[in-house]
Structures are given as structure tokens and as C-alpha cells.
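Q: Fold the following.
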Amino acid sequence: MTSSAPSLQVVVLAAGQGKRMYSSLPKVLHPLAGRPLLAHVIAAARLLSPRHLCVVVGHGAQAVRERVAAADVVWVGQERQLGTGHAVLQAMPHLEDEGTVLVLYGDVPLIGAETLRALVDAAGGDRLALLTQEIADPKGYGRIARDANGRVARIVEEKDATDAERAIREVNTGILAAPRRKLAAWLSALRNDNAQGEYYLTDVVAAAVAEGVAVEVRHPRAAHESLGVNSMAELASLERRFQMNQAARLLESGVTLADPSRIDVRGELACGRDVSIDVNCIFEGRVSLADGVHIGANCILRDSTVGAGTEIRPFTLVEGAVIGANARIGPYARIRPGTQLADDVHIGNFVEVKASTFGRGSKANHLAYVGDSSVGSAVNIGAGTITCNYDGANKHRTVIEDDVQIGSDVQLVAPVTVGKGATIAAGATIVKDVPPGGLTLTEAKQVTDPGWKRPRKK
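A: Prediction:
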């Protein structure tokens with residue numbers, strides 16, 4: 001990462017309650033792509049390598065600190081929410097006396113690092129730089145009022161604006177960069193004689209103009225970057241915008257998406273060549289798909305690695321697993337954390353695997369549970385087989401060596417080892433170690449009572 005300025009300092013405002021969210025959760029903690037809104041803003045700020053990163057918190061401050069804990073963040077409290085200018089003022093004692101201060105908002109999650117670099121460069125240490133945008137419907141935004149020469153004169157909040165000012169389409173995004181010393185003086189002189197009775201950060205613009213400080217204007221690289229979240233509807237809209245951006249990135253890298261509007265990336269998704277992803281798939285945490293991987297419809301993959309040529313069939317959940325090349329998983333399979341599947345493994349429908357290893361070419365094709373087990377190579381596990389790994393207090397391990405064939409409806413009561421090349425007959429309950437080779441069964445005599453009568457409903 002490279003810094004836009006050697007003495008850049010960032011202040012993120014995250015004290016608001018978010019009344020229009022109609023939620024007890026602080027607004028900046030609402031998730032977008034699986035992460036709190038505030039986490040996205042902090043991540044964008046980090047790309048600028050600031051010397052200091054302050055986050056101003058108020059409503060739900062303790063919850064915000066705990067959920068977005070970070071060693072490089074200085075948390076600053078705003079006990080009374082008296083406006084954006086007052087919020088930034090709380091952070092000033094925690095900043096160095098020199099350099100540029102960049103002010104961001106914890107509910108503007110899609111802001112891009114390149115846009116912010118351009119804004120900081122425009123401030124240049126002695127100028128005030130504003131991020132503005134022209135929009136068709138400026139209702140609710142502060143307007144950029146310019147003088148006869150087209151220079152920025154001040155920002156007018158909508159509640160304080162005249163009809164002529166409300167017609168202005170260039171609006172203030174709230175994001176700005178300013179010299180630290182000048183910003184401190186402007187903030188100290190703010191007044192709250194306005195419709196809201198608050199100390200507006202936007203009033204520093206008029207103060208800068210009065211001092212003859214140059215006011216620079218920059219625009220977001222993409223229109224959605226400066227959009228904030230004030231309601232659940234706006235959050236849903238930004239979620240879809242974020243996901244469409246992720247889909248565009250994947251398509252540009254050669255990934256085949258059955259429908260770009262029906263994919264959710266809630267973390268980091270890395271794809272090799274010739275990867276294809278069907279509809280309604282969710283990727284959480286860090287997921288890596290090697291060349292030629294195919295993900296079927298309605299799958300969820302979380303913190304997992306999938307080897308080249310592997311097919312994950314529809315309605316499969318893979319979590320915390322490593323899957324080798326040319327494997328076939330699903331449909332309707334569940335691969336739980338701690339599982340490692342080697343190349344050419346087949347895990348079929350309604351099979352659950354937890355904290356287990358499968359050697360090359362092993363198969364469990366239907367209706368099985370394999371937990372806390374070490375399965376060798378070329379093993380076949382029949383339908384209805386389960387490893388009984390929990391005794392009510394402790395987990396025990398099952399070892400199945402290479403080339404074992406296990407019939408249907410077998411219970412393996414751990415701890416137990418099945419020797420290499422052994423065959424276990426259908427319906428067996430194995431409570432002792434099985435020697436290599438041969439056939440093992442727990443045989444019971446079949447008996448028929450010819451005089452038995454089937455019960456009938458009264």
C-alpha cells in the first residue's frame with residue numbers, strides 16, 4: 001500500500017443512531033456483503049496508509065468497538081450527538097498538528113480508495129477539498145452554492161436552503177480533506193444557529209472562503225461510491241450494487257456466471273481459469289476455486305479451497321474444508337470444518353463429513369455420516385453408514401485404512417480401526433478393531449413367526 005500523503009490522518013464519523021433503520025443494532029454495524037458498513041469504510045481508509053485512523057462513536061459505542069475491533073483504530077467518544085462538526089472536533093486532540101485530515105462516514109461503505117487519493121491530493125496540505133456529485137434528485141442533500149465566478153462559496157443544508165438553492169443539483173457528499181491546523185480553527189468557530197441546532201461540518205467551507213483558502217472539488221469515480229445508508233431499502237440497494245461490482249470483476253477475469261445478478265460474495269473469492277458458477281451461490285470468508293471448477297446452483301462455500309476440475313453439485317454446503325482435484329461433491333452434501341478430501345473423492349447426496357480426511361479415490365455416495373475419521377484411499381462407504389464418534393462427553397476417532405469396502409447401514413463405534421482391504425457386511429455394528437482383509441459381519445439368525453398378526457387400527 002502506498003500513501004497519498006506522508007502525514008495523512010483519517011477521521012471516520014460513526015456515532016449516529018440510524019433511526020430510520022428501525023433497528024436496535026447501531027447503523028454502522030448493519031452488514032453489507034457479510035461485513036459491517038463501518039468495516040468497509042475502514043478498509044478503504046487503510047489503503048491510503050494513514051498515520052492515524054480515528055473513529056468517532058456514540059450510539060452503541062461499546063458494541064461498535066467490539067464488533068469492529070482493530071489495533072490501528074483510535075476510538076473517540078461523542079457522548080452527545082451535536083452534529084458532524086462537533087463529531088470531528090472530538091477527534092482533533094488525537095491527531096498530529098500537521099498534515100491533511102480526511103473525513104469519512106461509517107455509513108458510506110462503497111467509497112473507493114482511488115477517489116479518496118484524488119481528493120487528498122487536491123487538498124495538497126493547504127487547500128480544502130470537497131467530494132461533490134451532481135444528481136437528478138438532490139432532495140435531502142446539502143447543496144453546493146457557488147459565486148458568480150463559479151467558485152464554491154458555501155454549502156447550504158436543505159432545511160436552511162431557499163427555493164433557488166434547493167434547485168441546485170450539485171450536492172455535498174460530506175467527505176472532505178483539509179489542512180489539520182486550519183480545520184481545527186474552523187471547527188472551534190462553528191455556530192449552531194441553524195434549523196437543526198447542530199454544529200455543521202459543512203460550515204467550514206464558508207470559513208475557508210472567508211479566509212481566502214482555495215476550495216477544490218473532486219467527484220467520485222463511480223456514482224454509487226458516495227451513497228450512504230439511512231434505511232433498510234438503501235442498505236438492500238447498496239448490497240446489490242456491491243454484488244454486481246463483484247460479478248463484473250469475476251466476469252472480467254473469465255469466470256462464467258449463469259446470472260450475474262444472482263451471486264453473493266461476502267468475503268474474498270479467488271478463481272482460476274474456466275471456472276463456472278451457477279445461480280444463487282454464496283461465498284463467505286476466503287474461498288479459492290482452482291481451474292475448471294464448477295459450482296452448481298444454490299451452493300454455499302465458506303473459508304474453503306477447491307482443487308482443479310472439481311464439481312460442487314447443487315444445494316451443497318462446504319465450510320472450512322480443503323477439497324482436492326477432480327472431486328465430485330453433492331448434491332445436497334454437507335462438508336464441515338476440518339475436512340480434507342484428496343483428489344478424485346466422491347461425496348454424494350445427503351452425506352455429511354466433519355473433521356475427517358479422505359484419501360484419493362474414496363467414495364461415500366449416499367446417506368452417510370463420517371465424523372472425526374481418517375479414511376484411506378480407494379475406500380467405498382455404503383449408504384446409511386455412520387461413524388458413532390460421540391459417547392456423550394468426548395469425541396473419538398475412526399480409522400478406515402486403504403481399500404476398505406463398507407456395506408450399507410453399518411455403524412462404526414469409535415474408537416475403532418478397520419484394517420486395509422477389509423470388507424464389512426451390510427447392517428453390521430462394529431465395536432472392535434477389524435483386521436485387514438476378509439469379511440466381517442455381526443450375524444443374527446433370521447426368524448419368521450407365521451402366526452403373527454399385523455395390528456389394526458381400532
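Q: where in the stretch 251-400 of the chain is pLDDT low?
A: When residues are selected by pLDDT under 70, none of them lie in the stretch 251-400 of the chain.
Q: what about Gly376, distance to Thr429?
A: If you measure Gly376 against Thr429 using Cβ to Cβ, to the nearest Å, the figure is 21 Å. Where C-beta positions appear, they are placed from N, C-alpha and C, glycine not excepted.
Q: Compare neighbour counts for the two and give me the winner.
A: The neighbour comparison of Gly376 against Thr429 (other Cβ atoms under 10 Å) goes to Gly376, with 20 against 12.
Q: For that one, which non-adjacent residue is spatially closest?
A: Closest residue to Gly376 apart from its sequence neighbours, by Cβ to Cβ, 6 or more residues apart in numbering: Asp402 at 3.8 Å.
Q: OK, contacts around the one you found?
A: By Cβ atoms under 8 Å, 6 or more residues apart in numbering, Asp402 lies in contact with 359, 376-379, 420-421.
Q: number of nearby residues for Tyr77?
A: One correction, residue 77 is Gly, not Tyr. When counting by other Cβ under 10 Å, one arrives at 11 neighbours for Gly77.
Q: now do the one 5 residues further on
A: Look at Leu82: counted by other Cβ under 10 Å, it has 19 neighbours.
Q: follow-up on the earlier one: out of the contacts of Asp402, flag the one nearest to Leu104.
A: Gly359 (51.1 Å; Cβ to Cβ).
Q: And the closest residue to the closest one other than its chain neighbours, how far from Pro455?
A: Here the nearest residue to Gly359 in space, its sequence neighbours aside, is Ser377; by Cβ to Cβ, 6+ apart that works out to 3.4 Å. Counting by Cβ to Cβ, the gap from Ser377 to Pro455 is 49 Å.
Q: what's the answer for Val28, then?
A: Distance from Val28 to Pro455, counting by Cβ to Cβ: 63 Å.
Q: which of these two has more neighbours?
A: Neighbour comparison, Val28 and Pro455: the larger count goes to Val28, with 30 against 5 (by other Cβ under 10 Å).
Q: Can you tell me the SS state at that one?
A: Here Val28 is recorded as helix under DSSP: H, G, I helix; E, B strand; the rest coil.
Q: ok, it touching Arg67?
A: No. Between Val28 and Arg67 there is no contact under Cβ atoms under 8 Å: 9.1 Å.
Q: hmm, back to that, report the buried members of the contacts of Asp402.
A: 359, 376-377, 379 (16 or more other Cβ atoms under 10 Å).
Q: Nearest to Gly338 among those?
A: Each of the buried ones among the contacts of Asp402 was scored against Gly338 by Cβ to Cβ, and Gly359 proved nearest at 16.0 Å.
Q: what are the ranges of the strands in the stretch 351-458 of the chain?
A: Secondary structure of the stretch 351-458 of the chain (DSSP state E, counting those that start in this stretch): strands at 357-358, 363-371, 373-375, 380-381, 386-388, 398-400, 405-406, 411-413, 416-418, 423-424, 429-430, 439-440.
Q: For Pro138, which of those strands is the nearest?
A: Evaluated with Cβ to Cβ, the strands of the stretch 351-458 of the chain place strand 363-371 nearest to Pro138, the distance being 58.7 Å.
Q: what helices or strands is that closest one leaning on?
A: Counting contacts by 3 or more Cβ pairs under 8 Å, 6 or more residues apart in numbering; DSSP states H and E, strand 363-371 packs against strand 346-354, strand 380-381, strand 386-388.
Q: Nearest to Val74, out of these?
A: Ranking these by their distance to Val74 (criterion: Cβ to Cβ) puts strand 346-354 first, at 41.7 Å.
Q: Show me what counts as buried in the closest one.
A: 346-349, 351-354.
Q: how about the helices and strands packed on strand 363-371, which one is nearest Glu225?
A: strand 346-354 (42.1 Å).
Q: how many degrees apart are that closest one and strand 363-371 in direction?
A: Put simply, strand 346-354 runs at 0 degrees to strand 363-371, going by axes from the mean of the first three to the mean of the last three Cα atoms, to 10 degrees.
Q: partners of strand 346-354, with directions?
A: In the sheet, strand 346-354 lines up against strand 328-329 (parallel), strand 334-335 (parallel), strand 363-371 (parallel) (DSSP bridges).
Q: rewinding a little: mind checking the helices and strands packed on strand 363-371 for the one nearest to Ala71?
A: Proximity to Ala71, assessed across the helices and strands packed on strand 363-371 by Cβ to Cβ, is greatest for strand 346-354 (33.5 Å).
Q: From the chain's centroid, how far away is the closest one?
A: Remark: strand 346-354 is offset 27 Å from the chain centroid, using Cα atoms, centre = their mean, to the nearest Å.
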